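Asks: Give me coordinates for this.
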Amino acid sequence: MSKRIPDELLEQIQKNADIVEVIGEYVQLRKQGRNYFGLCPFHGENTPSFSVSADKQIFHCFGCGAGGNVFSFLRQMEGYSFIEAVSHVADKYHIDLPDHVANAQISSSHQEDTADHKMIEAHELLKKFYHHLLVNTKEGQNALDYLRARGFTDETIAKFEIGYALDSWDFVTKFLEKRGFDPAMMEKAGLLIQRENGTGFFDRFRDRVMFPIHDHHGTVVAFSGRSLGDQQPKYMNSPETPLFHKSKLLYHFHDARMHIRKRERAVLFEGFADVISAVTSGVGESVATMGTSLTEEHVKLLRRNVEEIILCYDSDTAGYEATMKASDLLGKRGCKVRVAMIPDGLDPDDYIRKYGGEKFRNDIIDASVTLMTFKMNFFRRGKNLSDEGDRLSYMKQVLREISRLNGSLEQEIYMKQLAGEFSISLDSLKEQLELFEKQQRQEAKSTQEESGLEKRRAHLSTQVRRKRLRPAYENAERMLLAHMLKSDDVIRKVLDRVGIEFNIDSHRALATYIYALYEEGKEPTPQHLMNRIEDDVINQLLTDIFMIQVGDELSEAELSDYVKKVLNHRNLSMIKEKELERAEAERQKDFFKAATLAKEIIQLNRSLK
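Replies: Numbers count the residues shown, from 1 in each chain. Got it, this is the predicted structure:
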């Protein structure tokens, strides 16, 4: 596909593009020296090993080996074709593409007859239709009055594109059919439901306020409908579809990402109604899970973008348990967790309607507390701390949580706080703490023994992978490729002496690309190569090779040594093959063939000297 786009145009796009800015929309990057580092979006990690070079306009992960330029990043991250990635960057930086390139981009991924495209088209159409019904028709007046009574302004309704689904069993079904949408496909998209007798379909959403749900790129992929009366369930979400995966999607993330980066924090809610209220209160960094608990996929997405997460869940027991589960997942991924505590048993939406957005922003979100402080406040609920029994119960609960803290300094702070509050000696609290810590160690030991063998095997496997030493011929090939990227003279010499006889397939493929540019009289820069290489494995190899530090000059002795190692390994492999052939020939009593192979083996052995 890359041949459709002239190299000069690709160079112009890359010169105008800022790879740090593009990748920064997906990964939280911090500058260290000349490069930027963050958590790799392609594999799970807690320590940043993902590097982006603004000078070289490439990225490389030292953990998993992923690498490439701005186009290959988008291809790996979004599943774009090469032309789609180029078009995305060109559009971002206001660069016009030739018609034949734009048309190729359209035909490569946005064909009218693809199922996903038709599903997206239907969602976008219904979003506009539902919104029109709400704000412009008498059928939607009741729903509009309901929203206004709950504090929704016209600006909020417009911003979140809220709509209304008619109280009809088949209006949307007929509406979509008239516009050429296949009802069976619309059922798979979650917009219709098939009748039990299999004779047709009916509307999934009826007489509900409709909230569009966008994916992380801003495309409408689902809806959530809020009932206006006693209709159950109160909230009805689209089911899982090819477009909508609740375990991966965070509501409002497409708009919140910029605010999250700016504020260096994300505020996580349990429901989208809370998000809408929070955003209208000035908390633009708000996101929510979609009717499901926080998942590993959600956490990975958040951690790639920010370190600090404020949990703002309901203040009841269920909200506490959800906070505990979420904080555990976030903590394991290296997130700094704080909790926004809402008093009076209210949920965030109720609090905002009762006290206003400014008070919510200042007294709840900006006044968030550490996770330990949140736990201590929760343990107080329902207890009379003047009563000795309740007081002892409270202190034991707090001490048990303190024993789970990793840092001794953090433990000391809360121990002193507890001792001061109840006029108890710090030493007596430390004695009790030691008992809890001993219990923790015993429980950990028991758990460790149960899974010890698996852990030791996994650790050993990891150590073996980390300590793997490349054979001499492989290192020699990598060094030759690294020097070839820096010198046309080295390319010519390697082409003459090695040609494409590299032993490793990916090395051979990369060398072939380098030779092709050399024959065209073009400099084999990583950018030129990446614009031609569509294979992600070879692109990763290229960035890996490019990270090798080599001198500007390659001596004849060093070059000869590398070439010898490469050719010797090839010849050794050929010797082994021919020895097996000779043994088979002798077994078949084909002595002429065996003698011929013996001569070839002698010649190959001589070439090793």
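
Asks: quick one: low-confidence ranges for this structure?
Replies: 1-4, 99-113, 440, 443-468, 604, 607-609 (pLDDT under 70).

Asks: okay, now the domains of this structure?
Replies: 2-109, 115-237, 250-377, 385-439, 472-607 (automatic domain parsing).

Asks: Mind checking those domains for the one nearest to residue 243?
Replies: The closest of those to residue 243 is domain 115-237. By CB to CB, the value is 3.9 Å. Where C-beta positions appear, they are placed from N, C-alpha and C, glycine not excepted.

Asks: any idea how far that closest one is from the chain center?
Replies: Averaged C-alpha coordinates place domain 115-237 at 29 Å from its chain's average position (CA atoms, centre = their mean, to the nearest Å).

Asks: first to last residue in that domain, what's the distance?
Replies: 21 Å (CA to CA, to the nearest Å).

Asks: So which bits of stretch 179-189 are buried?
Replies: Applying a neighbour-count criterion of 16 or more other CB atoms under 10 Å, one finds 181, 183, 185, 186, 187, 188, 189 buried in stretch 179-189.

Asks: and that stretch, how far apart are its ends?
Replies: Per CA to CA, stretch 179-189 runs 16 Å from first to last residue.

Asks: just to revisit the earlier point, buried deepest among the domains of the chain, which one?
Replies: domain 250-377 (a mean of 19; mean count of other CB atoms under 10 Å).

Asks: Dump the domains of the chain to a markdown table, plus distance to residue 244.
Replies: Conversion of the domains of the chain to a markdown table gives the following (distance: least, CB to CB, whole Å):
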| stretch | distance to residue 244 |
| --- | --- |
| domain 2-109 | 17 |
| domain 115-237 | 4 |
| domain 250-377 | 8 |
| domain 385-439 | 37 |
| domain 472-607 | 27 |
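
Asks: Do me a favour and get the end-to-end distance for stretch 198-218?
Replies: 34 Å.

Asks: i'd like the first residue to be 35 from this point on
Replies: Taking 35 as the first residue, the last one we looked at is stretch 232-252.

Asks: in the stretch 135-284 of the chain, which spans are helices?
Replies: Ranges of helices within the stretch 135-284 of the chain are 149-170, 175-183, 188-193, 205-212, 217-222, based on DSSP state H, counting those that start in this stretch.

Asks: Could you dump those into TSV with distance to residue 461 added?
Replies: Below are the helices of the stretch 135-284 of the chain laid out as TSV (distance: least, CB to CB, whole Å):
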stretch	distance to residue 461
helix 149-170	64
helix 175-183	59
helix 188-193	56
helix 205-212	70
helix 217-222	66
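
Asks: wait, which of the ones you listed is closest to residue 632?
Replies: That would be helix 149-170 among these, by CB to CB, at 61.7 Å.

Asks: Give the other helices and strands that that closest one contacts.
Replies: helix 175-183, helix 188-193, strand 197-199, helix 205-212, helix 217-222, strand 242-248, strand 254-261 (3 or more CB pairs under 8 Å, 6 or more residues apart in numbering; DSSP states H and E).

Asks: and for that helix, what are the contacting residues?
Replies: Helix 149-170 has contacts (CB atoms under 8 Å, 6 or more residues apart in numbering) with 144-146, 173-174, 177-178, 181, 188, 191-192, 195-200, 206, 209-210, 213, 215-216, 219-220, 222-223, 225, 243-244, 246, 253-257, 275-277.

Asks: now it against strand 242-248, angle please.
Replies: 140 degrees (axes from the mean of the first three to the mean of the last three CA atoms, to 10 degrees).

Asks: In contact with residue 69, which residues are there?
Replies: With CB under 8 Å, 6+ apart, residue 69 has these contacts: 85, 86, 87, 88.

Asks: same thing but at 7 Å, please
Replies: 85, 86, 87 (CB atoms under 7 Å, 6 or more residues apart in numbering).

Asks: any idea whether residue 563 is helix, strand or coil?
Replies: Secondary structure, DSSP: H, G, I helix; E, B strand; the rest coil: residue 563 is helix.

Asks: How about the contacts made by it?
Replies: When contacts are counted by CB under 7 Å, 6+ apart, residue 563 is found next to 547, 576.

Asks: That one and residue 553: what is the separation?
Replies: In this structure, residue 563 and residue 553 are 14 Å apart, going by CB to CB, to the nearest Å.

Asks: cool, and residue 218?
Replies: 53 Å.

Asks: what does residue 281 give?
Replies: 50 Å.

Asks: Check residue 117 too.
Replies: Distance from residue 117 to residue 553, by CB to CB: 25 Å.

Asks: And for residue 404?
Replies: In terms of CB to CB, residue 404 sits 63 Å off from residue 553.

Asks: so which helix or strand takes in residue 355?
Replies: helix 351-366 (DSSP states H and E).

Asks: Which secondary structure elements does the following helix or strand past that helix sit against?
Replies: Sequence order places strand 370-373 as the next helix or strand after helix 351-366, per DSSP H and E. The helices and strands touching strand 370-373, judged by 3 or more CB pairs under 7 Å, 6 or more residues apart in numbering; DSSP states H and E, are strand 342-345, helix 351-366, strand 403-404, helix 405-414.

Asks: So which of the contacts of residue 69 are in strands?
Replies: 85, 86, 87 (DSSP state E).
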